[in-house]
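> no sequence on this one, just coordinates:
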DNA sequence: CAGATGTGTTTAAGGTATATACAGTTCGAG
DNA sequence: CTCGAACTGTATATACCTTAAACACATCTG
């Protein structure tokens, strides 16, 4: 994966947007990029993104790994197709209320749910130089639509979108990191370490004693959204601001 | 990287905390885990995390790849050591002012600067199941120390820390994604696409026309911090809240 | 001065992506 | 109707990657 391979952006986009013109001659293709991506998604859902190899995906169809290269330029593009496939079902937020806060909150909730349903999504979209397919643009469009009536400027809307999308990623990442068994083991070892080094980490020691890292009944997504959107509201309520 | 290999947490921690007892017999070791990590950091800084292979790191010392396994259990642990090595220099925030807002803001700025100086850090810490070394705990301790005088409960301090740390990651990630040349190309292709599909993405089309994605003179980190901390301040100012 | 212990090397196994050359199938033009 | 072009899928090969295992050699301890 270290190779850059100078990807052809144009070809990648054509693939994502389904704009490849299909040939007339030759044997009928037995696969499609979409079916390949769907199979890869099944594997990733079950075993993680690292488990998705050209070999494994090809085996799902009973063909050789190289056969996939007739449909997909390479693995990077396959992952992009996986993302796009999973982002189908762009949310309709009109049912969430008339308030922009309610709507962007609903957007965040659905985005978080999607990421939790497909844990590999986080890693897949963390890769650099991502191209955006129609569904991905649809999600972006939905978020901006939620923010549009807020009275924020276009640039501000974009900034707030980044904030909210980032929040979702952060919190889902935290969720995924959390693992009952591992967490217990981690807690024990950390406690043991901190006992020995309490003087090096005085605040942390105090914070743990005060329950800062104990299970928290508050949903961190709701907490984060409330803080961010309160802050945005404050910006909107500023005296000098044009209505 | 798909293999889990059931890592020994205890051994990993001992390595990170430098608590391995060194042997008396046998030849003197020619390396240390720290020197190995330092060499790996140089490679990662220059060529990215993917370019860090056991072979390349070993070559830096003129030894075989397998020699490294005498010092480091495996690649995952090496990456952890890299992170720890780069987190040395835990910030002293007392110079940033007496205000908790100023202090956590300074923490965020330094964290962002560090991530920008070592772009691979984001990917390295995105890996699941990370162990924390003393420096990493130091950064955590510093952030909590900044938040402690705020009047937030321990649990709230933790939640706010997650928010701020997540913000830094989000924005640095955005920075790294942004690439002058690639961005230009992306913009052209996206414009072209949107022209053809303007009806599918009405809000996005409007937003782009309104300059939502134009270069923004506002530092997104400062913007995000201001919103989040404003929101936290509002929480603190709530009427029913105990002082 | 053995023998235990550690270091570093070589070899090899089992992964990964993907370039290339080839065999076989199917359509369309002459 | 036929033949070549175009297309699909395969086999092979390259160049990586991590890391297990067996070995040779150096060094300190009893």
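Okay, I see it. Here the structure is a predicted model, which means the values were calculated and not measured. Residues are numbered from 1 along each chain as shown, chains lettered A, B, ... in the order given.
> Chain neighbours aside, what residue packs nearest to residue A:10?
In space, and not counting its chain neighbours, residue A:10 is closest to residue B:189: 7.0 Å by CB to CB, 6 or more residues apart in numbering or on different chains. In short, each C-beta sits where N, CA and C put it, glycine included.
> Run through the residues of chain A sitting next to DNA strand C.
Chain A comes close to DNA strand C at residues A:1, A:3, A:5, A:24-28, A:52-56, A:65-66, A:69, A:74-76, as judged by CB under 7 Å from any atom of the strand.
> again, only using 6 Å
Proximity of chain A to DNA strand C (CB under 6 Å from any atom of the strand) is limited to residues A:5, A:24-28, A:53-56, A:65-66, A:74-75.
> how many neighbours does the residue nearest to residue A:10 have?
16 (other CB atoms under 10 Å in any protein chain shown).
> Quick check on whatever residue of chain A ends up closest to DNA strand D: phi, psi?
Closest contact between chain A and DNA strand D, by CB to the nearest atom of the strand, is at residue A:26 (2.6 Å). Here is the backbone geometry of residue A:26 (degrees, to the nearest 10): phi 80, psi 170.
> Let me see the ranges of the helices in chain A.
A:9-16, A:33-47, A:54-61, A:75-86, A:100-117, A:120-126, A:134-147, A:154-177, A:180-196, A:202-209, A:220-236 (DSSP state H).
> any idea which of those scores lowest on pLDDT?
In terms of average pLDDT, helix A:180-196 trails the rest of these, at a mean of 81.
> Tell me the buried residues in it?
A:186, A:189-190, A:193-194 (16 or more other CB atoms under 10 Å in any protein chain shown).
> list the contacts for the nearest residue to residue A:33 once chain neighbours are set aside?
In space, and not counting its chain neighbours, residue A:33 is closest to residue A:71: 5.0 Å by CB to CB, 6+ apart. Residues in contact with residue A:71 (CB atoms under 8 Å, 6 or more residues apart in numbering or on different chains) are A:29, A:31-33, A:36.
> ok, now with 6 Å
A:31, A:33, A:36 (CB atoms under 6 Å, 6 or more residues apart in numbering or on different chains).
> any chance of the residues you listed in JSON lines, with distance to residue A:135 and neighbour count too?
Output for those, formatted as JSON lines (distance: CB to CB, whole Å; neighbours: other CB atoms under 10 Å in any protein chain shown):
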{"residue": "A:31", "distance to residue A:135": "21", "neighbour count": "16"}
{"residue": "A:33", "distance to residue A:135": "14", "neighbour count": "22"}
{"residue": "A:36", "distance to residue A:135": "17", "neighbour count": "24"}
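> Which residue lies nearest the spatial centre of chain A?
residue A:122 (4.3 Å; CA atoms, centre = their mean).
> still on that earlier bit, turn the contacts of residue A:71 into CSV, including distance to residue A:233.
Formatted as CSV, those follow (distance: CB to CB, whole Å):
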residue, distance to residue A:233
A:31, 50
A:33, 44
A:36, 45
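> Those residues also near DNA strand D: which ones?
residue A:31.
> Which of the residues of chain A next to DNA strand C are buried? Put it as a PyMOL command.
In PyMOL, this line selects whichever of the residues of chain A next to DNA strand C come out buried by 16+ other CB under 10 Å:
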select buried, chain A and resi 54+75
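> Check the residues of chain A next to DNA strand C against residue A:98 and report the nearest one.
Ranked by distance to residue A:98 (CB to CB), the residues of chain A next to DNA strand C are led by residue A:75 at 44.2 Å.
> Distance of the closest one relative to residue A:56?
To residue A:56, residue A:75 is 12 Å away according to CB to CB, to the nearest Å.
> cool, and residue A:203?
Residue A:203 is 47 Å from residue A:56, by CB to CB.
> phi, psi of the residue lying closest to residue A:155 once chain neighbours are set aside?
If the residues on either side of it in the chain are set aside, residue A:155 comes closest to residue B:216, at 5.4 Å by CB to CB, 6+ apart. The phi and psi values for residue B:216, taken as degrees, to the nearest 10, are phi -110, psi 120.
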